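Engineer: pasting the sequence and the predicted coordinates here, then a few questions.
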2 protein chains.
Amino acid sequence: MDRLIGAIEAGGTKFVLALARGDGTVLAETRIATRTPAECFPEVTAFFEQASAAHGPIASFGVASFGPIDVDPASPAYGTFTTTPKPGWSGARFHDVLTRFGAPIVVDTDVNGAALGEWEKGAGQGCRTLAYTTVGTGIGSGVLRDGQSLMGFSHFESGHIPVPHDRAADPYQGFCPFHGDCLEGLAAGPAIKARWGQSLSEMASPADEVDLVAGYVAQLAVSLVLLHMPDRLIFGGGVMKTPGLIPALRRKTEALLGGYIKAPQLDPGLERYIVGPGLGDEAGITGAIALGRKALG
Amino acid sequence: MDRLIGAIEAGGTKFVLALARGDGTVLAETRIATRTPAECFPEVTAFFEQASAAHGPIASFGVASFGPIDVDPASPAYGTFTTTPKPGWSGARFHDVLTRFGAPIVVDTDVNGAALGEWEKGAGQGCRTLAYTTVGTGIGSGVLRDGQSLMGFSHFESGHIPVPHDRAADPYQGFCPFHGDCLEGLAAGPAIKARWGQSLSEMASPADEVDLVAGYVAQLAVSLVLLHMPDRLIFGGGVMKTPGLIPALRRKTEALLGGYIKAPQLDPGLERYIVGPGLGDEAGITGAIALGRKALG
């Protein structure tokens, strides 16, 4: 008997909900807009109740969520949002809405979920150590070792690393409320819109702008290499869809590394080392399904 | 019966060799100058042969070594130095000199060994995730999770992260042959000597110089927090012995973090979060003994 997995990709703007077979086949799927938990959670319950009535009992749940959220399975607050400025979400817990189904629940960050999806079925297959970074509304990274996401006292927050910022070349002061010109403050989608009034994709000939953003993101690529030594770096998210950005990121990263790291993983030009997601926009829900598969034991 | 551990702390200037009981009691110890393997290895053999003759058979070896070195137990080249400018060391392998004793061998980096020593008996006790950084001739970090050192396709190379460098305030161009003004190029011992003609400890009133170095090292502290979320950061090595440097590092790190990370581990002032080694100069050999204890199984 193939046991059914309930999967939630919880993003800052939308939730994707799916009911899937253990092999990943999606039986039912819907999208809901992200509002407060009081508004979203009843819709989550309703979807899984209807899907379960149609297809059978749910054996486990996998949740790949925006953060900050407690993703330590050993913590009593596992699955609970910590301090987030998003109205209503601080203290909200996925278990509150899913416990009624009586199935085990695995919760991880959206980027860790995407990394797992890419590791199982996408561009990260065969990697012992894999880093997945999203550059979109925010910037974040998940790192897997042998398919297990790494964490310390919390999930990582790679978007906020300090980066060299040449104010003569780029006078924009950054938008991060905590750090101003940290990586996210300079290179995430809102920084690009605030600096130039439009996204990179909307610009007619954005070669210089692509190079500037690539240079900032390359600082994170190099930091990931030096502090995690991944077998591959995947860069996804809306900003990374800009034509030419991944090639520029490869050039900037290779220049910053300066030939210091000699390993077969880092091919000349980094074309196999730095790549886009193999699953495209499906990485998130695929990862949530994969998290649910872990809960099946 | 208490089984005996052979331990090697292999540093860039000296090797510390020890024979210890399983509980860490040192029965014999010696130091030899680091030269080529052809010169050092016979002295290593001689020491362990004599120590074993006096105290009994050696049940395991632990080696905490400078790098770059293959520290992946699953690799056929485990324990082999990779590309190092140190004459004779590229391709040298600790197993070549230790296999004759017929005991299992665990090899890790010097910083991973020091981290393990501090985790077991020093300033890192009780930490699930612990980062140990040395700032001396070079800069490197080891990160443990539940007492296991983390790695990707290689051990980490934290010393080479890019850091913001205000050339107006600090015109020194950096000494790293690969990157110029990466962290190690700006803040390791040789950079300090090259910039000011003396070490921080030799200066009469080095407050500004301490602040400058602390600001660079703080970039690594923040990167370690954001990319590993350790429960504590230990900073050792010769440069970190400078009076006032650890307090300055705490101030700079707290300022860079900007209140973004809220966790009980990060106490106000970071006095419990950023600390010096509890074992002082003994962290290295204590770590090598701890590595040998792992090999006992």
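Structural biologist: In hand now; what should we look at?
Engineer: the strands in the stretch 151-297 of chain A, which residues?
Structural biologist: A:232-236, A:274-275 (DSSP state E, counting those that start in this stretch).
Engineer: to the chain's geometric centre, what's the distance from stretch A:203-219?
Structural biologist: Its chain's average C-alpha position is 21 Å from that of stretch A:203-219, according to Cα atoms, centre = their mean, to the nearest Å.
Engineer: what lies in contact with it?
Structural biologist: The contact list for stretch A:203-219 (Cβ atoms under 8 Å, 6 or more residues apart in numbering or on different chains) reads A:133, A:135, A:139, A:161, A:163-164, A:169-170, A:183, A:186-187, A:192, A:196, A:200, A:235, A:239, A:242, A:244-245, A:248-249, A:251-253, A:255-256, B:162. For the C-beta atoms, the positions are set from N, CA and C on the backbone; glycine is no exception.
Engineer: is there a quick PyMOL command that grabs whichever of those are buried?
Structural biologist: For the buried members of the contacts of stretch A:203-219, the matching PyMOL selection, counting by 16 or more other Cβ atoms under 10 Å in any protein chain shown, is:
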select buried, (chain A and resi 133+135+139+161+163+164+170+183+186+187+192+200+235+239+242+245+248+249+251+252+253+256) or (chain B and resi 162)
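Engineer: in helices only, show me the contacts of stretch A:203-219.
Structural biologist: Among the contacts of stretch A:203-219, DSSP state H puts A:183, A:186-187, A:192, A:196, A:245, A:248-249, A:251-253, A:255-256 in helices.
Engineer: so which of those residues are also by chain B?
Structural biologist: Contacts with chain B within the ones in helices among the contacts of stretch A:203-219, counted by Cβ under 8 Å from any Cβ of the partner chain: residue A:256.
Engineer: deepest in the core, which of the strands of the stretch 151-297 of chain A is it.
Structural biologist: For the strands of the stretch 151-297 of chain A, the largest average neighbour count (mean count of other Cβ atoms under 10 Å in any protein chain shown) is found in strand A:232-236, namely a mean of 27.
Engineer: okay, now the sheet partners of that one, with direction.
Structural biologist: Take DSSP bridges as the rule and strand A:232-236 pairs in its sheet with strand A:129-135 (parallel), strand A:274-275 (parallel).
Engineer: can I get those strands in JSON lines with mean pLDDT?
Structural biologist: JSON lines is the format used below for those (pLDDT from 0 to 100):
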{"stretch": "strand A:129-135", "mean pLDDT": "98"}
{"stretch": "strand A:274-275", "mean pLDDT": "98"}
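Engineer: quick one: which of the ones you listed is nearest residue B:46?
Structural biologist: Across the strands paired with strand A:232-236, the minimum distance to residue B:46, taken as Cβ to Cβ, is reached by strand A:129-135, at 39.3 Å.
Engineer: and the closest one with helix A:245-257, angle?
Structural biologist: Using axes from the mean of the first three to the mean of the last three Cα atoms, to 10 degrees, the direction of strand A:129-135 lies 120 degrees away from that of helix A:245-257.
Engineer: pretty sure residue A:254 sits against residue A:261.
Structural biologist: No: the criterion here is Cβ atoms under 8 Å, and residue A:254 misses it with residue A:261 at 10.2 Å.
Engineer: between these two, which contacts overlap?
Structural biologist: What both residue A:254 and residue A:261 touch, as defined by Cβ under 8 Å, 6+ apart, is an empty set.
Engineer: domain map for chain A?
Structural biologist: Under the assignment automatic domain parsing, the domains of chain A span A:4-113+A:281-295, A:123-276.
Engineer: and residue B:178, which of those is closest to it?
Structural biologist: Residue B:178 sits nearest to domain A:123-276 of all the domains of chain A, at 4.1 Å, using Cβ to Cβ.
Engineer: could you measure residue A:92 against chain B, distance?
Structural biologist: Distance, residue A:92 to chain B, using Cβ to the nearest Cβ, to the nearest Å: 17 Å.
Engineer: can you pull the phi/psi pair for that residue?
Structural biologist: Per-residue torsions, residue A:92: phi -70, psi 150 (degrees, to the nearest 10).
Engineer: got it, and residue A:141?
Structural biologist: phi -130, psi 140.
Engineer: distance of the closest residue to it other than its chain neighbours from residue A:139?
Structural biologist: Using Cβ to Cβ, 6 or more residues apart in numbering or on different chains and skipping residues adjacent in sequence, the residue nearest residue A:141 is residue A:158, 3.8 Å away. Computed as Cβ to Cβ, to the nearest Å, the residue A:158 to residue A:139 distance reads 7 Å.
Engineer: joint contacts of these two?
Structural biologist: Common neighbours of residue A:158 and residue A:139, using Cβ under 8 Å, 6+ apart, are A:133, A:183, A:220.
Engineer: flag every buried residue along whichever helix in chain A runs longest.
Structural biologist: Assignment by DSSP H gives helix A:207-228 as the longest helix of chain A. The neighbour-count check on helix A:207-228 (16+ other Cβ under 10 Å) flags A:209-210, A:212-228 as buried.
Engineer: who in the stretch 151-297 of chain A is up against chain B?
Structural biologist: Contact residues (Cβ under 8 Å from any Cβ) of the stretch 151-297 of chain A with chain B: A:151-158, A:160-165, A:178-179, A:219, A:222-224, A:226-231, A:256, A:258-263, A:265.
Engineer: report how many residues lie close to residue A:36.
Structural biologist: By the criterion of other Cβ atoms under 10 Å in any protein chain shown, residue A:36 has 12 neighbours.
Engineer: if you skip the residues just before and after it, what's nearest to it?
Structural biologist: Residue A:36 sits nearest to residue A:88 (Cβ to Cβ, 6+ apart), 3.6 Å away.
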